[in-house]
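[1] how would this look folded up:
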Amino acid sequence: MKKALLILFGWVMLAGCQSIGYLSIDYLLPAEMSFPNELKKVAVVNNVVEGSPTRLSQLFTDKQDVNTQMQYHKTQYFSGNSKIATESLAQALADGNYFDTVIICDSALRVDDKEARRQSLTLDEVNELTQQLDVDFLIALENLEIRAESNAAPDYYTGVFVANTDTKVSSTVRVYLPQLSSRSPINKVDSIFWQSFGDDINESVHELPDNHTIVNEASHYAGEFIAKTFIPYWESAPRYYFNNGSVAMRDGAYFVKEDKWDEALKLWQQAFDESKNSKKKMYASYNIALGHEMLDDIEQAIEWATKAQQYAIQANQGEVAQLASIYLQQLNSRKQSYASLKMQMQRFNEDF
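    Numbers count the residues shown, from 1 in each chain. The predicted model follows:
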């Protein structure tokens, strides 16, 4: 499995003359659901009721403000595109390289139903599908609904109109194992957002995606976020480090850009040991915490981030104390998820 990905972005200023570098890391988080190691082949099936009408209701609210400019509001409800969502889910599972085999059955299973119905697969259907597809279990998409709320109004600071569409995607999935009754449904909700600008309200609204685009892109996104329920996934997060205050701190920052964390740690430890005041120890200990995280030693990272917070309080550096507090929360969250991740990665001999 891949390690943390380092991307350097530039510099911002914090705590007076002390500058801080910014980078982004990728780290692995556990899936919400764990599977026994023997479940290696999965089929993703489309169990959404086929032919259900697109449910669409619209609410328009147009109001004039004191400048006789218009405001706009529209809310719409759609049935999602289950074929796109099923394909997206299967692709995300395959890209995760967690299961040995991922098979897709994106044709709606309910297409031959004489009456529209929404229900789980029967045990006979599950056994027949797993045998036909030669898989260990099924993941079925069973419902997909979309709520799109669009607004537009003038931005009085920039003088342009700003329009946005905030779309909530609600889905239901279920896991089926042969010879076992179906599990409880899993309901997932996430959102996708679009924004556009224009010189007048019509121009700003016109630049928003049309209904076809909203449904298709939201359905594709649904498959991607549903996949996080079933396989470990990569999360991106910002990280910061201090890059001046002494020769050792500056040289350590150079090794960060070279992705040489062992060398950076040695210099930051030197800076910490040579420092005589709380403020300099604060900067060095914060960097040391980051170095240990990048080397996957979360326990040491927490220990040094705690020191950084304590030194920041001693030095009356509220901004840095707050930064260290946020960092500690992030590190503790990673620590708490590590046990689940380790268990889920046993099928790869914990190689992650």
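
[2] contacts, neighbours, all on C-alpha from now
    OK.

[3] Doesn't Leu331 lie inside a strand?
    No - assigned with DSSP: H, G, I helix; E, B strand; the rest coil, Leu331 falls outside any strand and is helix.

[4] what's the neighbour count on it?
    By other C-alpha atoms under 10 Å, 19 other residues sit near Leu331.

[5] ok, it touching Gln300?
    No - counting by C-alpha atoms under 8 Å, Leu331 does not reach Gln300; the two are 10.2 Å apart.

[6] what stretches of the stretch 151-300 of the chain score poorly on pLDDT?
    Scanning the stretch 151-300 of the chain for pLDDT under 70 picks out 182.

[7] where do the strands sit along it?
    161-176, 186-198, 233-242 (DSSP state E, counting those that start in this stretch).

[8] Reformat the ones you listed as JSON lines; add distance to Ala253 and mean neighbour count.
    Formatted as JSON lines, those follow (distance: least, C-alpha to C-alpha, whole Å; neighbours: other C-alpha atoms under 10 Å):
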{"stretch": "strand 161-176", "distance to Ala253": "40", "mean neighbour count": "22"}
{"stretch": "strand 186-198", "distance to Ala253": "36", "mean neighbour count": "16"}
{"stretch": "strand 233-242", "distance to Ala253": "8", "mean neighbour count": "16"}
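
[9] how about those, which one is nearest Tyr338?
    With C-alpha to C-alpha as the measure, strand 233-242 is the member of the strands of the stretch 151-300 of the chain nearest Tyr338 (12.7 Å).

[10] residue boundaries of the helices in the stretch 1-150 of the chain?
    Using DSSP state H, counting those that start in this stretch, the helices found in the stretch 1-150 of the chain span residues 82-95, 123-133.

[11] Columns mean neighbour count and mean pLDDT on top of those helices, output as CSV?
    Listed next are these as CSV, based on neighbours: other C-alpha atoms under 10 Å; pLDDT from 0 to 100:
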stretch, mean neighbour count, mean pLDDT
helix 82-95, 23, 96
helix 123-133, 15, 92
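
[12] So for Asn151, which of those sits nearest?
    helix 82-95 (26.1 Å).
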